[in-house]
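# need a 3D model of the sequence below.
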Amino acid sequence: MATLLIAEHDNASIKDATNKALTAAAALGGDVDVLVAGEGAKGAAEAAAKLKGVRKVLLADNAAYAHDLAEPLAALIVSLAGPYDAIVAPATTRYKNTLPRVAALLDVAQISEIIKVVSPDTFERPIYAGNAIQTVKSKDAKKVITVRTSTFGATGDGGSASIDNAAAAADPALSSFVGEEVAKSDRPELTSAKIIVSGGRAMQSRENFTKYIEPLADKLGAGVGASRAAVDAGYAPNDWQVGQTGKVVAPELYIAIGISGAIQHLAGMKDSKVIVAINKDEDAPIFQVADFGLVADLYQAVPELTAAL
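Numbers count the residues shown, from 1 in each chain. The predicted structure is shown next:
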């Protein structure tokens, strides 16, 4: 069995999601090749070549792949799909957008956000916001799979794969890049952060996130997250959102402040190793999944905690 893993990268390096998706791809058995598509992405290709268990790296270095447009990237993947039995990618924003297009072009059913490889054709994936686990067996000749990376360990270095150039596919010209606004932060990315401090609607304003959540995160060297309610209210940017419709995370420590614990939020963070909840409502659902709970006014408790660190 041969698998093509689509790398998540920033052109210069490989993202942690790729290392974790590689663990899932390797569990399928057989050879694993990695596709690095971007512009000026030689650095990322060289990093991918060092990953343990990679047979070869395909580098598609072209301006068409510079801005994560789903249509040209999907066309590229389909053009390379011929010799592969499975196409695997981490379930990041980029590939949640791209892989369904690949599956449609190949006329197969996508298997989304797997959490376990039972066999090369059988997988487990969460449904109903993680309240049930579905076992899926696919009869498709080609499997198109996204991986919930929070449930897989990261594959380390130790390989020395060759790097081959992959020709760009014809651009479908269905979309074009207009512009982007990139949020820059010195804090770790949510999906790779070992500690995350999240705030909910109880924070009441963007200023309170700055005053209470961010100083605590800075003390801990943590990423900052938010519930969907806080994001929808404008208290936090969209890329901070944790939950079923945001980012799925599994840090070593997750601190939920002023978050009630709606099932949609729990679906994105309940695999965290240690969960700490601070909420003045002792009946808040978040306490049902928390390892440590503090029933207190966050406006008093959080500054005290920050000062004590």
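# check the offset of stretch 65-85 from the chain's centre.
With Cα atoms, centre = their mean, to the nearest Å as the basis, stretch 65-85 stands 19 Å off its chain's centre.
# buried ones in it?
For stretch 65-85, a neighbour-count test (16 or more other Cβ atoms under 10 Å) marks 65-78, 80-81, 84-85 as buried. All C-beta spots, glycine's among them, are computed from the backbone N, C-alpha and C.
# wait, is residue 18 part of a helix?
Yes. Counting by DSSP: H, G, I helix; E, B strand; the rest coil, residue 18 falls inside a helix.
# got the contact list for it?
Counting by Cβ atoms under 8 Å, 6 or more residues apart in numbering, residue 18 touches 5, 7-9, 34, 48, 51, 90.
# same thing with residue 195?
Taking Cβ under 8 Å, 6+ apart, we find residue 195 in contact with 217, 220-223, 251-255.
# now residue 5. Its backbone dihedrals?
Phi and psi for residue 5, reported as degrees, to the nearest 10, are phi -100, psi 130.
# swap in residue 265?
According to degrees, to the nearest 10, residue 265 has phi -80, psi -40.
# shouldn't it be in contact with residue 228?
Yes. Here residue 265 reaches residue 228: they are 6.8 Å apart, a contact under Cβ atoms under 8 Å.
# intersection of neighbour lists for the two?
Common neighbours of residue 265 and residue 228 are listed as residue 243 (criterion: Cβ under 8 Å, 6+ apart).
# before we move on, back to that, out of the contacts of residue 195, which end up buried?
If we count by 16+ other Cβ under 10 Å, the contacts of residue 195 have these buried: 217, 220, 222-223, 251, 253-255.
# let me know the closest of those to residue 300.
Nearest to residue 300 out of the buried ones among the contacts of residue 195 is residue 255 (Cβ to Cβ; 15.8 Å).
# now do the same contact list for residue 112.
By Cβ under 8 Å, 6+ apart, the residues touching residue 112 are 91, 125, 145-146.
# low-confidence stretches in this structure?
Within the chain, the ranges that satisfy pLDDT under 70 run 182-183.
# look up how far residue 99 lies from the residue nearest in space to the middle of it.
Centroid-nearest residue in the chain: residue 92, 4.1 Å away (criterion: Cα atoms, centre = their mean). Distance from residue 92 to residue 99, counting by Cβ to Cβ, to the nearest Å: 10 Å.
# next one: residue 170
Taken as Cβ to Cβ, the span from residue 170 to residue 99 is 20 Å.
# which of these two has more residues huddled nearby?
residue 99 (26 against 10; other Cβ atoms under 10 Å).
# test my guess that the more buried one contacts residue 90.
No. Counting by Cβ under 8 Å, residue 99 stays clear of residue 90, with 9.8 Å between them.
# okay, and the common contacts of the two?
If you check residue 99 and residue 90 against Cβ under 8 Å, 6+ apart, the residues they both contact are residue 146.
# nearest spatial neighbour of residue 204, chain-adjacent residues omitted?
Ranked by Cβ to Cβ, 6 or more residues apart in numbering and with sequence neighbours excluded, the top spatial neighbour of residue 204 is residue 235, at 7.4 Å.
# burial count for the one you found?
Residue 235 has 24 neighbouring residues, counting by other Cβ under 10 Å.
# what do you get for residue 35?
By other Cβ under 10 Å, the residues close to residue 35 number 22.
# still on that earlier bit, out of the contacts of residue 112, which are buried?
Counted by 16+ other Cβ under 10 Å, the contacts of residue 112 give 91, 125, 145-146 as buried.
# tell me the helices in the stretch 1-150 of the chain, going along the chain?
16-27, 42-49, 70-80, 93-106 (DSSP state H, counting those that start in this stretch).
# would you list the ones you listed in a markdown table and tack on distance to residue 58?
Output for the helices of the stretch 1-150 of the chain, formatted as a markdown table (distance: least, Cβ to Cβ, whole Å):
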| stretch | distance to residue 58 |
| --- | --- |
| helix 16-27 | 14 |
| helix 42-49 | 8 |
| helix 70-80 | 7 |
| helix 93-106 | 15 |
